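A.B. asks: Any chance you can model this:
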Amino acid sequence: MRLALVISLALAPLPLWAGEITVAPGGLTAALAEAQDGDVLRLEPGAYAGPIVLDRSLTLDGGGAAHIDGGGNGSVITVTAEDVTVQGLTITGSGDDHETIDSGVQLTKTAHGAVVRDNILRGNLYGIDIHGARNSTVENNIIEGQQHDKMNRRGNGVYVWNAPGAVVTGNDIRWGRDGIFVNSSKKNSFTRNRFRDLRFGVHYMYANQSEVSDNISIGNHLGYAVMYSTRVTVTGNLSVDDRDHGVMLNYTNDSVITGNLVRGGGTEKCAFLYNSHKNRFENNRFEACEIGIHFTAGSDRNRIVGNAFIGNQTQVKYVSTKWDEWSEDGRGNYWSDFVAYDLNGDGLADTPYRPNDAMDHVLWTQPSAKLLLGSPAVQLVRWSQSAFPALLPGGVVDSHALMRPIEITPPQDFTEEGS
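C.D. replies: I've put the predicted structure just below:
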């Protein structure tokens, strides 16, 4: 009897009062007060005053022509109920308080299963704050943040805090501070987003078991920064003209970085590893940066295989007194500056590649020594080390360098202008 009651309740339809409600400008507050779980509130074209709170499991649909402005007070839309959908709205006018994370849309820790999609959010301190709302989705929004000179005082496009299962996909995020900033979370997915004119495109802090894939970062300070995290997959992303780094790992372990294209244009480092261990860098293409890849602070036991280092001023910066082998199972990486032969036609260079010599180490620690680069003494040291590798100080060696680079094609709709 008890089981039958449970089954009948589970199969029961939505409450009889659930339905579609058309809302005209000026009537939103009253409509929200009367709405029930399951209702769909369809806003007629026009302007609506915020802030508002969605405390019932409903859909708020602006149809692409409704505009809610928060008047500079707090978050424009705050969601506290589960299974709420916010779509088709233009959202402006949040407050400017970082302590309360004033946002265009704020999903609180009880707003599990929320969906925020197809909205335009402009000029808010934060675009969308996923603050503990598990299994929420943010998709296909245009998020344009603040543009004042103090970039670190701006908010993030999407802020994810302690929100396992959150999915952020297909958004176009511009200005503000970071495109997506995630802190103390896990099992998140950030895919197919576009980032422009930001500090970091994606910024991870203490976020594990997550995915960053098929995103585009253009002209930011840094494309993809993963810090203090484990088991993160960074795959199929594009970084173009990002100023400092394309991909950075800082205290990050057991992660996979594969199939990414970093194309510099004044970029300092295509890839940077700081105290990061047991990561797999495979089949990436790093090109036209000042430094192709920089290892430091004891980064160890990383697998570096199948990558292409093309046209970087310095292919590798790695200071060490021991040799670190960058090939595995007879397969290494491609180096555009390696004049090599492949007499047996197996696609591998016949001699090992060693990117750095003793003079490189001197120049990294004493930049003023560049004035001596053309001197006969320096040339003699470099010739001696190339002729007698035993004189080299240690560092990277690729015993099976590839003769052809991996090709990675940007998405068909990609333009550097971001249009």
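A.B. asks: residue ranges with poor pLDDT in the chain?
C.D. replies: Applying pLDDT under 70 to the chain flags residues 1-18, 297-298, 320-321, 357-394, 413, 415-419.
A.B. asks: Okay, helices next: where are they in it?
C.D. replies: Secondary structure of the chain (DSSP state H): helices located at 2-10, 28-34, 358-365, 376-387.
A.B. asks: Show me what the shortest one is packed against.
C.D. replies: Applying 3 or more Cβ pairs under 8 Å, 6 or more residues apart in numbering; DSSP states H and E, one finds that helix 28-34 contacts strand 40-43, strand 52-54. Where C-beta positions appear, they are placed from N, C-alpha and C, glycine not excepted.
A.B. asks: What are the buried residues along the longest one?
C.D. replies: Right, strand 40-43. 41-43 (16 or more other Cβ atoms under 10 Å).
A.B. asks: What of stretch 46-66?
C.D. replies: For stretch 46-66, by 16+ other Cβ under 10 Å, it's 48, 50-62, 66.
A.B. asks: cool, stretch 222-229 as well?
C.D. replies: Buried, per 16+ other Cβ under 10 Å, within stretch 222-229: 222-227, 229.
A.B. asks: ok, the buried residues of stretch 46-66 vs residue 339, which is closest?
C.D. replies: Among these, residue 62 lies closest to residue 339 (Cβ to Cβ), at 61.0 Å.
A.B. asks: from what I can see that closest one touches residue 41, true?
C.D. replies: No. Using Cβ atoms under 8 Å, residue 62 is not in contact with residue 41, being 9.4 Å away.
A.B. asks: need the contact list for the residue minimising distance to the centre of the chain.
C.D. replies: Closest residue to the average C-alpha location of the chain: residue 202 at 2.7 Å, with Cα atoms, centre = their mean. If a contact means Cβ atoms under 8 Å, 6 or more residues apart in numbering, then residue 202 has 178-180, 182, 190, 195, 212, 215, 217, 223-226 as its contacts.
A.B. asks: ok, 10 Å please
C.D. replies: By Cβ atoms under 10 Å, 6 or more residues apart in numbering, residue 202 lies in contact with 158, 168, 173, 178-182, 190, 193, 195, 210, 212, 215, 217, 220, 222-226, 234, 237, 247.
A.B. asks: give me the number of residues near residue 271?
C.D. replies: 27 (other Cβ atoms under 10 Å).
A.B. asks: Please tell me how far it sits from residue 44.
C.D. replies: Residue 271 sits 51 Å away from residue 44, going by Cβ to Cβ, to the nearest Å.
A.B. asks: again with residue 179
C.D. replies: 33 Å.
A.B. asks: Looking at those two now, which is surrounded by more residues?
C.D. replies: Taking neighbours as other Cβ under 10 Å, residue 179 and residue 44 compare with residue 179 leading, 34 against 14.
A.B. asks: Which residue, other than its chain neighbours, is closest to that one?
C.D. replies: residue 195 (3.8 Å; Cβ to Cβ, 6 or more residues apart in numbering).
A.B. asks: Correct me if wrong: the one you found contacts residue 201.
C.D. replies: Yes. Using Cβ atoms under 10 Å, residue 195 and residue 201 qualify as a contacting pair, with a distance of 3.6 Å.
A.B. asks: what residues do the two have in common as contacts?
C.D. replies: Contact with both residue 195 and residue 201 is made by residues 157, 173, 178-180, 215-220, 223-224, 237, 239, 242, according to Cβ under 10 Å, 6+ apart.
A.B. asks: From those residues, which land in strands?
C.D. replies: Using DSSP state E, the members of the shared contacts of residue 195 and residue 201 that fall within strands are 173, 180, 216-218, 223-224, 239.
A.B. asks: Output those as JSON lines; include the columns distance to residue 275.
C.D. replies: What follows is these, written out as JSON lines (distance: Cβ to Cβ, whole Å):
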{"residue": "173", "distance to residue 275": "29"}
{"residue": "180", "distance to residue 275": "23"}
{"residue": "216", "distance to residue 275": "28"}
{"residue": "217", "distance to residue 275": "23"}
{"residue": "218", "distance to residue 275": "29"}
{"residue": "223", "distance to residue 275": "20"}
{"residue": "224", "distance to residue 275": "17"}
{"residue": "239", "distance to residue 275": "22"}
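A.B. asks: just these now: which is nearest residue 315?
C.D. replies: So of those, ranked by how close each gets to residue 315 (Cβ to Cβ), first place is residue 239, at 17.4 Å.
A.B. asks: what number of residues lie near that closest one?
C.D. replies: Using other Cβ under 10 Å, residue 239 has 29 neighbouring residues.
A.B. asks: Check the gap between it and residue 285 for me.
C.D. replies: 11 Å.
A.B. asks: which neighbours do those two share?
C.D. replies: Residues touching both residue 239 and residue 285 (Cβ under 10 Å, 6+ apart) are 260-263, 270.
A.B. asks: Now distance to residue 347 too, for the helices and strands packed on helix 28-34, in JSON lines please.
C.D. replies: Listed next are these as JSON lines, based on distance: least, Cβ to Cβ, whole Å:
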{"stretch": "strand 40-43", "distance to residue 347": "59"}
{"stretch": "strand 52-54", "distance to residue 347": "59"}
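A.B. asks: quick one: which of the ones you listed is nearest residue 206?
C.D. replies: strand 52-54 (29.1 Å).
A.B. asks: who does the closest one pair up with?
C.D. replies: strand 77-79 (parallel) (DSSP bridges).
A.B. asks: Quick one: distance of the partner strand to the chain centre.
C.D. replies: Its chain's C-alpha centre and that of strand 77-79 lie 25 Å apart, by Cα atoms, centre = their mean, to the nearest Å.
A.B. asks: can you list the residues that contact it?
C.D. replies: 50-55, 57, 60, 68, 70, 84-86, 89, 91, 94, 103-108, 110-111, 114, 116, 119, 121, 128-129, 131, 133, 136.
A.B. asks: Selection in PyMOL covering whichever of those are buried, please.
C.D. replies: What follows is the PyMOL syntax for the buried subset of the contacts of strand 77-79, where burial is set by 16+ other Cβ under 10 Å:
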select buried, resi 50+51+52+53+54+55+57+60+68+70+84+85+86+89+91+94+103+104+105+106+107+108+111+114+116+119+121+128+129+131+133+136
